[in-house]
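>>> coords please:
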Amino acid sequence: MDAKELATKVVDQMYNNDPFSQWLGIERVEDGEGTSILKMTVRKEMLNGFDIAHGGITYSLADSALAFASNSHGQKSVSIETSISHLESVKEGDVLIAIAKEVSITNKLARYEIIVTNQDNIKVALFKGTVYRTGKDWFSGV
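From the prediction side, this is the model:
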């Protein structure tokens, strides 16, 4: 199995058992080794008292992209540190795209940057995450 097939197989397993990402309405645009591109539309129930998206919405989208990208190598990885900067407000109906890219990877740790943009390609959030690589494979013999 090549790297792309492995990434897709891992993310299939993760997404199919991830009711929160499903509730968010996340669509997988691209799975790849050390990368993930996700898309979702902001719904009314995701808004806060200012009539803009709750900060947890962009955070959750980016966190899912981190999870998928960091596990795509076939080794179970869990986040140990994350942060987000909100750059622009997000409104109902906005279509968000999160692009996760691997910055560095070792046997035990990996770092990722996730850029979240809206339908006008305006950056709305920047997310950084560090994961611990457990050494446990998603599938035996892979």
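
>>> make it CA atoms for all contacts and neighbour counts henceforth
Will do.

>>> which parts of stretch 13-24 are buried?
The neighbour-count check on stretch 13-24 (16 or more other C-alpha atoms under 10 Å) flags 14, 15, 21, 24 as buried.

>>> how about stretch 43-58?
46, 47, 53, 54, 55, 57, 58.

>>> what sits against the second one?
Each residue near residue 47 by C-alpha atoms under 8 Å, 6 or more residues apart in numbering is listed here: 53, 54, 91, 92.

>>> pull out the buried residues from stretch 97-108.
Buried, per 16+ other C-alpha under 10 Å, within stretch 97-108: 97, 98, 99, 100, 101, 102, 105.

>>> looking at the last one now. What's its pLDDT?
Each residue has a pLDDT score; the one for residue 105 is 98.

>>> what of the third one?
Predicted confidence (pLDDT) for residue 99: 98.

>>> check for me that it belongs to a helix.
No: read with DSSP: H, G, I helix; E, B strand; the rest coil, residue 99 is strand and lies in no helix.

>>> that one pairs with what?
When bridges are called by DSSP bridges, residue 99 pairs up with residue 37, residue 115.

>>> pretty sure it contacts residue 38?
Yes: with contact defined as C-alpha atoms under 8 Å, residue 99 and residue 38 form a contacting pair (6.7 Å).
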